[in-house]
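Novice: Next one to model:
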Amino acid sequence: MINRVSTFSQYQNLTSNLMRKQGAVNNTNEQLATGKRIKTAGDDPIASVSTQNYKQQLVQIEQFQKSITLANNRLGTLETSLKNVETHVDSAKQKVIGMINGAMAGDDKTAFKNELESLYEGLLNLANTQDEGGNYVFAGHQVRTQPFIEDVNGDVQYKGDSGHRQARIDTSVHVNTSQPGNLVFMGIENPFGDYRPDYAGLQDGSSLSLLSATNLDSDDPAAYSVSFVDDGQGGLNYELYDGSQQVATGSYDPAQGIQYTGQPPSNAELDLQFTGDVKPGDSVKLDKRDTIDLFETLNDAIMYSEYPTSSPEARAGLQRSIEELNASYVHMNQRRAEVGTGLKTLETYEAQHQDFELSLNKAKGSLEDLDYSKAVIELNEDMLALQASQAAFNQTKQLSLFNYL
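Specialist: All right, here's what the predicted structure looks like:
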């Protein structure tokens, strides 16, 4: 059978073809306007999946970059605070050195005391530093709790915790963005070893000072004390006490110091070294202390500034403060070095993320970005085809049987 092609069928075919050509022109124009070859997954399913993966990776990199910026700000605040603490500690040490000067007048000591009190208040303010968000820098995880508070006795108490705030700067990389205050201000390594000396028992004219006091038994909780007595022959004997119980005695040799090995079940193994002119009747208490408290050190220095210049306890106590302030300065320098390491890590990963971001954008662009020269050629071809279809449509719609009657 010969099928009859109706005028309506021809009209419908030409109309559909015209719409397809118009759609192709519109699609190419939209690609040229956006610069993108892929608008929907249907345009190129394989390239579309890869592009979505690249976009997810780029979003993750953007999150890491924001985290790095936040970490940089936090570490910058921390580094500035530690630098200022370092400056305060050095200034306090210079004042204490000045107070040991035996020729210092009373007015000078008063002035130094006032300056030490000002430095103490400055350190307390620095210890309670807040960042731009109102969070306490040295409070550990308790960022909304003021970390350092003076009690009724004038002693500084720490109210934060021992945690480090962290920022995630890569898939499995975290950087500390804070340091807990108990580590920074109260976790300073004891410059004397395992014990902190108390010189309240020194006699007039004594210049005794502790050089070091170590105990190989780190679990020994005892607080020891040493007394020096005249041996009746122009020399000195020492008496070592564990609390109120005498555990050792012998002739004191300044070159050898004092060594003591505890009897079972005690595992104590003490090595005590002293310097200075020891007088009969001198006694030194040794309090078990692995670390020192910077606020306690300054408080002691302020207290001794009120003592007479001739006081052996004040001289030895101020000398102890100098050693502890030296240790504090080194400690703060180490804390700043740790911050510097964190800042360097942030810089390294920021550069890596920028390089990776550039590579991802290049790979994503190779899949979805438009080849303009090719698109322009296609546009010209589509427009030419559209014009031909329009001409054919115009000719077809003018056909009528009445023209042949």
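
Novice: give me the number of residues near residue 219?
Specialist: Number of residues near residue 219 (other CB atoms under 10 Å) recorded here: 7. C-betas here are computed from N, CA, C, even on glycine.

Novice: What is the three-state secondary structure of it?
Specialist: In terms of secondary structure, residue 219 is coil; the call rests on DSSP: H, G, I helix; E, B strand; the rest coil.

Novice: ok, it to residue 267 distance?
Specialist: Shown here: residue 219 relative to residue 267, a distance of 8 Å by CB to CB, to the nearest Å.

Novice: next one: residue 161
Specialist: Distance, residue 161 to residue 267, by CB to CB: 33 Å.

Novice: Residue 337 now?
Specialist: In this view, residue 337 and residue 267 are 35 Å apart by CB to CB.

Novice: Between those two, point out the one with more neighbours.
Specialist: Between residue 337 and residue 267, counted using other CB under 10 Å, the more crowded position is residue 267 (14 against 11).

Novice: confidence score at that one?
Specialist: Per-residue confidence at residue 267 stands at 88 (pLDDT).

Novice: buried residues in stretch 58-74?
Specialist: 61, 64-65, 67-68, 71-72, 74 (16 or more other CB atoms under 10 Å).

Novice: For the closest residue to residue 297 other than its chain neighbours, give me its contacts.
Specialist: With CB to CB, 6 or more residues apart in numbering as the criterion, residue 297 has its nearest non-adjacent residue at 4.4 Å, and that residue is residue 324. Neighbouring residues of residue 324 by CB atoms under 8 Å, 6 or more residues apart in numbering: 188, 191, 292, 294, 297.

Novice: Out of these, list just those in helices.
Specialist: Cross-referencing the contacts of residue 324 against helices under DSSP state H gives 294, 297.

Novice: sorry, back to before: in helices, which of the buried residues of stretch 58-74 fall?
Specialist: When helices are assigned by DSSP H, the members of the buried residues of stretch 58-74 inside them are 61, 64-65, 67-68, 71-72, 74.

Novice: want to try a markdown table for these, with distance to residue 308 and pLDDT as columns?
Specialist: As requested, those are arranged in a markdown table below (distance: CB to CB, whole Å; pLDDT from 0 to 100):
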| residue | distance to residue 308 | pLDDT |
| --- | --- | --- |
| 61 | 67 | 88 |
| 64 | 62 | 92 |
| 65 | 62 | 93 |
| 67 | 58 | 94 |
| 68 | 57 | 95 |
| 71 | 52 | 94 |
| 72 | 52 | 94 |
| 74 | 47 | 93 |
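
Novice: Export those as CSV, with columns for distance to residue 314.
Specialist: Compiled in CSV, these are given as follows (distance: CB to CB, whole Å):
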residue, distance to residue 314
61, 61
64, 56
65, 56
67, 52
68, 51
71, 46
72, 46
74, 42
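
Novice: Quick check: phi and psi on the nearest residue to residue 215 once chain neighbours are set aside?
Specialist: Among residues not flanking residue 215 along the chain, residue 194 sits closest, at 4.8 Å (CB to CB, 6+ apart). Main-chain torsions, residue 194, degrees, to the nearest 10: phi -110, psi 0.

Novice: Now for the residue minimising distance to the centre of the chain: which residues touch it?
Specialist: Taking CA atoms, centre = their mean, the centroid of the chain lies closest to residue 177, which sits 3.0 Å from it. Shown here is residue 177, whose contacts under the criterion CB under 8 Å, 6+ apart are 70-71, 74-75, 78, 164-167, 342.

Novice: Please check the residues you listed and keep the buried ones.
Specialist: Neighbour-count burial (16+ other CB under 10 Å) applied to the contacts of residue 177 gives 71, 74-75, 78, 165, 167, 342.

Novice: wait, which of the residues you listed is closest to residue 150?
Specialist: residue 78 (23.1 Å; CB to CB).

Novice: the helices in the stretch 251-400 of the chain, which residues?
Specialist: With DSSP state H, counting those that start in this stretch as the criterion, the stretch 251-400 of the chain has helices at 294-304, 312-368, 372-397.

Novice: Check those helices for me: which has the lowest mean pLDDT.
Specialist: helix 372-397 (a mean of 59).

Novice: Just the pLDDT at the nearest residue to residue 135 once chain neighbours are set aside, thanks.
Specialist: Leaving aside its sequence neighbours, residue 135 sits nearest to residue 143 (CB to CB, 6+ apart; 3.8 Å). According to the prediction, residue 143 has pLDDT 93.

Novice: what residues are up against residue 143?
Specialist: Contacts for residue 143 were tallied using CB under 8 Å, 6+ apart; they are 135-136, 165.
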